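# coordinates only, sequence not included:
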Ligand SMILES: Nc1nc2c(ncn2[C@@H]2O[C@H](COP(=O)(O)OP(=O)(O)O)[C@@H](O)[C@H]2O)c(=O)[nH]1
Ligand SMILES: [Mg+2]
């Protein structure tokens with residue numbers, strides 16, 4: 001990511017010109033850190049001794065990140081249910097498949113649910129993924145009630161004593177209220193039988209500050225527990241990760257770094273912080 005490379009290199013030299021500061025500011029703004037955090041950071045940097053820079057910046061940025069756990073939350077229920085939500089095109093279906101694959105690779109048993117019944121193509125997409133990773137998927141007819149797919153899926157997951165149920169959802173319905181009501185209904189249906197351990201909001205890192213306002217909408221409607229940030233491959237937009245955690249206090253749990261099934265990892269806070277400078 002090297003977000004702070006320019007800043008860090010400049011701080012090591014003894015004099016930083018106004019032009020240097022302008023360039024540093026432009027780079028940080030371009031990373032989608034957000035103007036407020038950029039100015040806060042630059043103000044702090046101006047008072048730093050070069051030898052303290054890395055540690056101080058790391059400390060400051062750490063304090064902006066969420067202190068909440070980044071692992072998947074546990075509960076009494078044997079089957080841990082994870083709901084994947086977000087706007088159209090953010091990467092929900094891809095991330096649901098990647099997450100299922102990741103959990104399976106950790107030795108867990110997983111069931112997928114295709115609760116985006118709004119478009120037939122969405123069901124086809126997740127079925128194709130499921131087949132390639134050899135994970136079973138519960139799906140319904142086009143335009144059937146997504147909550148009924150969720151109902152069948154949690155029933156099946158419980159009966160088979162599975163470790164995880166990952167539910168993919170629609171990103172667009174006739175209205176936003178419609179979508180939010182539908183998500184709430186899926187949550188209720190699962191909760192009648194079990195627990196919803198996580199509601200992960202998928203945020204496309206390339207949508208920048210727009211991703212932030214999407215986050216606010218979803219957080220208002222359902223109990224978001226964390227984020228999956230997608231499309232961090234080849235992007236200079238890594239600042240969005242910091243901005244989104246600072247704004248919401250919620251943790252990024254996973255990141256997507258490509259279109260392939262393995263382009264997906266748990267968010268590693270220490271590696272992320274170290275990567276900002278290198
Ligand atoms: N480069 C890249 N593309 C991604 C990533 N995650 C998803 N995509 C692509 O984004 C597009 C939309 O993904 P999809 O999962 O269908 O989004 P959904 O509408 O939220 O379900 C697809 O072309 C995916 O291949 C990622 O981490 N990196
Ligand atoms: Mg989808």
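Yep, it's here. All values derive from a computational prediction rather than experimental measurement. Ligands and ions are numbered 1, 2, ... in the order given.
# now the helix or strand containing residue 190: buried residues?
For residue 190, the element it lies in under DSSP states H and E is helix 176-193. By neighbour count with 16 or more other CB atoms under 10 Å, helix 176-193 contains the buried residues 179-180, 182-183, 186-187, 189-190. Any C-beta I mention is one placed from the backbone N, CA and C, and that applies to glycine too.
# with stretch 140-160 instead?
140, 145-154, 156-158.
# contacts made by that stretch with the rest, please.
By CB atoms under 8 Å, 6 or more residues apart in numbering, the surrounding residues in contact with stretch 140-160 are 78-79, 81, 109, 111, 113-120, 123, 138-139, 164-165, 167, 169-170, 182, 185-186, 188-190, 193-194.
# go again using 6 Å as the cut-off
With CB atoms under 6 Å, 6 or more residues apart in numbering as the contact definition, stretch 140-160 has outside contacts at 79, 111, 113, 115, 117, 120, 138, 165, 167, 182, 185-186, 189-190, 193-194.
# of all those, which comes closest to ligand 1?
Among these, residue 115 lies closest to ligand 1 (CB to the nearest ligand atom), at 11.4 Å.
# how close does the closest one sit to residue 196?
With distances taken as CB to CB, to the nearest Å, residue 115 is found 12 Å from residue 196.
# who's more crowded, these two?
residue 115 (33 against 25; other CB atoms under 10 Å).
# isn't the more buried one up against residue 166?
No: applying CB atoms under 6 Å, one finds residue 115 not in contact with residue 166, separated by 10.3 Å.
# closest residue of this protein to ligand 2?
residue 93 (3.3 Å; CB to the ion).
# then that residue would be within a helix, right?
Yes: membership of residue 93 in a helix is supported by DSSP: H, G, I helix; E, B strand; the rest coil.
# and it, how many neighbours does it have?
25.
# that one: what's it in contact with?
Here residue 93 is in contact with 125-126, 168 (CB under 6 Å, 6+ apart).
# can you list the helices and strands that the helix holding residue 190 packs against?
When contacts are defined as 3 or more CB pairs under 6 Å, 6 or more residues apart in numbering; DSSP states H and E, helix 176-193 sits against helix 146-159.
# quick one, the helix it packs on and helix 176-193 angle?
Angle, helix 146-159 to helix 176-193, by axes from the mean of the first three to the mean of the last three CA atoms, to 10 degrees: 20 degrees.
# can you list the strands that the following helix or strand past helix 146-159 pairs with?
For helix 146-159, the succeeding helix or strand toward the C-terminus, using DSSP H and E, is strand 164-169. Within its sheet, strand 164-169 is paired with strand 80-85 (parallel), strand 110-115 (parallel), according to DSSP bridges.
# pLDDT at the residue of the chain closest to ligand 2, what is it?
At residue 93, the predicted lDDT confidence score is 97.
# now do residue 223
On the pLDDT scale, residue 223 gets 94.
# tell me the SS of it?
Applying three-state DSSP: residue 223 is coil.
# just give the nearest non-adjacent residue to it, would you?
Closest residue in space to residue 223, ignoring its immediate chain neighbours: residue 199 at 5.9 Å, by CB to CB, 6 or more residues apart in numbering.
# what ranges of the stretch 51-200 of the chain fall below the confidence cut-off?
Within the stretch 51-200 of the chain, the segments meeting pLDDT under 70 span 173.
# show me what from it comes close to ligand 2.
Within reach of ligand 2 by CB under 5 Å from the ion, the stretch 51-200 of the chain has these residues: 92-93, 122.
# out of the buried residues of stretch 140-160, which comes closest to residue 24?
residue 146 (46.5 Å; CB to CB).
# how near is the closest one to residue 102?
Distance from residue 146 to residue 102, by CB to CB: 24 Å.
# over to residue 30?
Look at residue 30 and residue 102: by CB to CB, they are 30 Å apart.
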